[in-house]
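Chemist: Model the following, please.
(2 chains, ligands or ions: 3)
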Amino acid sequence: MVEIKICFGTLCFIMGGAAFEMLGEHLPEEIRNKVRVEGMNCPGFCHKAEFGKPPFVMVNQTLIAEANIQKVIAKVREELSHGANQ
Amino acid sequence: MAQTNNATLIRREIITRLCRLYTQGRLDEIDRIPLDMAPRNTAAHNSRCCIHKARAIIRYRIMALLGFNVADETDELETLYSYALRSLAGTDHGNGVLTVVDEACTSCVKSNYTVSNLCRGCLASHCMVTCPKQAIAMENGQAKIDPSKCVGCGLCQDACPYHAIIYVPIPCEESCPVKAIYRNEQGIEEIDYDKCIHCGKCMVACPFGAIMYRSQLIQVLHRIAKADKPVIAMLAPAVCGQFRVNYPAVAQAVMKLGFTGVYEVAAGATLTAKHEAQELAETLESGKPFMTTSCCPAWVEMTEKHLPQLKPSVSATWSPMRYTAALVREKYPDATVVFIGPCVAKQAEARKYEGVDFVMTFEELGSLMIAMNVDFQDFDQEELGEVIPERIFAASSGVLSAVMANYHGEPMKPLVVNGLNKKNIAGLRRIAAGRSDYNMIEVMACEGGCLSGPAGISSPEVARKLFNARAGVQVEAMVESK
Ligand code: SF4
Ligand code: SF4
Ligand code: FES
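Modeler: Numbers count the residues shown, from 1 in each chain, chains lettered A, B, ... in the order given. Ligands and ions are numbered 1, 2, ... in the order given. A predicted model of the protein is given here:
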């Protein structure tokens, strides 16, 4: 299971995170039941420039800045193949 | 229809910075925003040529956000701070609701036709010979079109045996349903305010974000800060599709921003539906063949500027915004009334009638939340009273279904015109010519209704999904759309 955590904070939501409302519809068939999608309240990434720009999404332990659906799916695929190699 | 792309996000970032400076009493630092956003020694934010241009573009965006028409600049050295003070003084700031940031616009294509690399520079030179304006010359073995001479007739494209000439759409012009935006002699897009119906489609279409609405936000913030009179926010029905929370949480968050009170425009919509149903019954009884809705101001302007034959058929019933403003004034006669919605055209409507002082957009509301560190997630979401069914006004076919629910009269033959695009406008022209037997016609300029409004937070699909999950009423096609 790959864990996707989407920041539901107002800043992330307004700066592009709203698009993740459609994540479920865009997840490719083959990974749909290999991920667990959750929301999180603002974890504070938006207050520090070093984390990059919003919106923020965590895929397992990796923080994705300027996240969008394509980036998240790519990261999920990477995590899955990584797991398979071990 | 709002889309979140880089152009939108930069606009939101600027709005947020502007709100921060104002609310922290640092407005005199406003001239630093372009420098901070496009700092020296970095590949500035999507700058297409140099940092100076990037900064100039941000500067003009701020000018629009302070309420000015960019074209009205007379002194290039006037500081943004000076514009800000003029804005707060509240004198009139010129024509039209939308303004073109010409610095950004110059980067777009200059002509609809361009010669691709497939050009062989052939001996026959069919294109050159055919062009009625002598706009084509041979340069380095390939044909080249001079955009200042090209009139966009497309004859060269047909003439080229190699199909080497391609049509490149100009997104704003392509999106405008009434041909109100076109290039002037300098090759910059210009809006003809006598034709513009403020639908906002060009603003959404421009990939450079060159078209901006003239914001009234700073004036609203100023009224809130002055605190000499109540400042009341009225939230358009589409609000239920903007955020990840239910209406009560939005209302509380808006209070946190300093508003004295918050009203739901759906309350006014209840009155609109009731009166419009009555008006329809009377209209049909009097022998007139049909009536159209009047709550979308872009549609009303469409009839005023482009379809005068339909003007008399537009319902005279007030829009939900006007009814809600009247409800506000019953309680707070001297209030500053602020409509907050997804719409550009509402600003034009508000200027026409008494009652509403300012219009803000949802994206401005969201940016202000960010600037003031107000998080929707912190508020209670439970709906306390009954959900107002007229929230459905936010969606295409919703107005009609609400009118139907109140209607008693001869059988209704309804039509939903979902979006003012070229095809639907042609259909409306046929109706104007008397070729239809519909007797009640709903028209919304935005496809999908206000949930797809140009200044909403997210895309129409997201807005629709959130609305269905949170509004307590469902968007469904109750009446077949055309
Ligand atoms: S707002 Fe609408 S009518 Fe006005 S120029 Fe833009 S697309 Fe055309
Ligand atoms: S459909 Fe709604 S958002 Fe769009 S122009 Fe009309 S009133 Fe404004
Ligand atoms: S709102 Fe997403 S990290 Fe703060």
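
Chemist: any idea how far the residue of chain A found nearest ligand 3 is from ligand 2?
Modeler: Closest contact between chain A and ligand 3, by Cβ to the nearest ligand atom, is at A:G9 (2.4 Å). The C-beta positions use only the backbone N, C-alpha and C, and glycine is treated the same way. Relative to ligand 2, A:G9 is positioned 27 Å away (Cβ to the nearest ligand atom, to the nearest Å).

Chemist: And for the residue nearest the centre of chain A, nearest residue in space, chain neighbours not counted?
Modeler: Nearest to the geometric centre of chain A sits A:V57, at 3.4 Å (Cα atoms, centre = their mean). Spatial nearest neighbour of A:V57, excluding adjacent residues (Cβ to Cβ, 6 or more residues apart in numbering or on different chains): A:A67 at 4.0 Å.

Chemist: Kindly report the same for B:E442.
Modeler: The shortest distance from B:E442 to any non-neighbouring residue, by Cβ to Cβ, 6+ apart, is to B:L400 (4.1 Å).

Chemist: buried stuff in the strand or helix carrying the one you found?
Modeler: Element membership for B:L400, per DSSP states H and E: helix B:398-406. By neighbour count with 16 or more other Cβ atoms under 10 Å in any protein chain shown, helix B:398-406 contains the buried residues B:G398, B:V399, B:L400, B:S401, B:A402, B:V403, B:M404, B:N406.

Chemist: picking that back up, tell me how far the residue nearest to A:V57 lies from ligand 2.
Modeler: Per Cβ to the nearest ligand atom, A:A67 is found 28 Å from ligand 2.

Chemist: so that residue touches A:G52, yeah?
Modeler: No - shown here, A:A67 and A:G52 do not form a contact pair, counting by Cβ atoms under 8 Å, at 9.6 Å.

Chemist: Quick check on the two: which one has the bigger neighbour count.
Modeler: Remark: of A:A67 and A:G52, A:A67 carries more neighbours, 26 against 14, as counted by other Cβ atoms under 10 Å in any protein chain shown.

Chemist: what separates that one from B:C199, distance-wise?
Modeler: Counting by Cβ to Cβ, to the nearest Å, the gap from A:A67 to B:C199 is 31 Å.

Chemist: repeat for B:P248
Modeler: The gap separating B:P248 from B:C199 is 31 Å, by Cβ to Cβ.

Chemist: Then B:G258?
Modeler: Applying Cβ to Cβ, the value for B:G258 to B:C199 is 31 Å.

Chemist: more neighbours, those two?
Modeler: B:C199 (29 against 17).

Chemist: Does the more buried one touch B:C296 like I think?
Modeler: No - checked against Cβ under 8 Å, the pair B:C199 and B:C296 is beyond contact range at 9.1 Å.

Chemist: show me what contacts whatever residue of chain A ends up closest to ligand 2?
Modeler: Ranking the residues of chain A by distance to ligand 2 (Cβ to the nearest ligand atom) places A:A18 first, at 17.2 Å. If a contact means Cβ atoms under 8 Å, 6 or more residues apart in numbering or on different chains, then A:A18 has B:T4, B:I457, B:S458, B:S459, B:V462 as its contacts.

Chemist: helix/strand/coil for it?
Modeler: Three-state call for A:A18 (DSSP: H, G, I helix; E, B strand; the rest coil): helix.

Chemist: swap in B:Y263?
Modeler: Of the three states, B:Y263 takes strand according to three-state DSSP.

Chemist: any idea which element the residue nearest to it when sequence neighbours are not counted lies in?
Modeler: Of all residues not flanking B:Y263 in the chain, B:M234 sits nearest, at 4.7 Å (Cβ to Cβ, 6+ apart). For B:M234, the element it lies in under DSSP H and E is strand B:231-235.

Chemist: what lines up beside that strand in the sheet?
Modeler: strand B:261-264 (parallel), strand B:336-341 (parallel) (DSSP bridges).

Chemist: What number of residues are in the vicinity of the closest residue to B:E190 other than its chain neighbours?
Modeler: If the residues on either side of it in the chain are set aside, B:E190 comes closest to B:N184, at 4.5 Å by Cβ to Cβ, 6+ apart. Using other Cβ under 10 Å, B:N184 is surrounded by 11 other residues.

Chemist: which bits of chain B sit near ligand 1?
Modeler: Counting by Cβ under 6 Å from any ligand atom, chain B comes close to ligand 1 at B:98, B:175-176, B:178, B:180-181, B:191, B:196-202.

Chemist: Now with 8 Å, please.
Modeler: Within chain B, the positions lying close to ligand 1 (Cβ under 8 Å from any ligand atom) are B:97-98, B:172, B:175-181, B:191-192, B:195-203, B:205, B:211, B:298, B:344-345, B:445.

Chemist: Sort out which of those are in strands and list them.
Modeler: If you go by DSSP state E, the residues of chain B next to ligand 1 have B:L98, B:I181, B:I191, B:I211 in strands.

Chemist: Next up, the contacts around B:G154.
Modeler: With contact taken as Cβ under 8 Å, 6+ apart, B:G154 is in contact with B:N112, B:Y113, B:Y167.

Chemist: and which of these is nearest A:A74?
Modeler: Nearest to A:A74 out of the contacts of B:G154 is B:Y167 (Cβ to Cβ; 34.0 Å).

Chemist: distance of the closest one from ligand 1?
Modeler: Note on B:Y167: its distance to ligand 1, by Cβ to the nearest ligand atom, is 20 Å.

Chemist: Can you list the helices and strands that the helix or strand containing B:I441 packs against?
Modeler: Counting by DSSP H and E, the element that carries B:I441 is strand B:440-444. Strand B:440-444 sits against strand B:291-292, helix B:297-305, helix B:398-406, strand B:414-418, with contacts defined as 3 or more Cβ pairs under 8 Å, 6 or more residues apart in numbering or on different chains; DSSP states H and E.

Chemist: which one is B:G121 nearest to, not counting chain neighbours?
Modeler: Distances taken as Cβ to Cβ, 6+ apart put B:G141 closest to B:G121, at 4.1 Å, once the chain neighbours are dropped.

Chemist: what secondary structure does the residue of chain B found nearest chain A sit in?
Modeler: Here the residue of chain B nearest chain A is B:S458; by Cβ to the nearest Cβ that distance is 3.5 Å. Following three-state DSSP, the label given to B:S458 is coil.

Chemist: That one: neighbour count?
Modeler: B:S458 has 31 nearby residues by other Cβ under 10 Å.

Chemist: how close does it sit to A:G16?
Modeler: Distance from B:S458 to A:G16, counting by Cβ to Cβ: 9 Å.

Chemist: what sits in contact with each of the two?
Modeler: Here B:S458 and A:G16 have B:T4 as joint contacts, going by Cβ under 8 Å, 6+ apart.

Chemist: Tell me which residues touch B:D378, please.
Modeler: For B:D378, the contact set (Cβ under 8 Å, 6+ apart) comprises B:A253.

Chemist: if we can go back for a sec, alpha carbons of the strand holding B:I441, as CSV, please.
Modeler: Only the C-alpha atoms of strand B:440-444 are listed here, as CSV (Å, rounded to 0.1, in the frame of the first residue of the first chain):
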residue,chain,number,x,y,z
MET,B,440,-39.6,29.6,-20.7
ILE,B,441,-35.9,29.9,-21.4
GLU,B,442,-33.0,29.8,-18.9
VAL,B,443,-29.7,31.3,-20.1
MET,B,444,-26.4,31.1,-18.3
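
Chemist: For chain B, what lies in contact range of ligand 3?
Modeler: By Cβ under 8 Å from any ligand atom, the part of chain B that sits against ligand 3 consists of B:D375.
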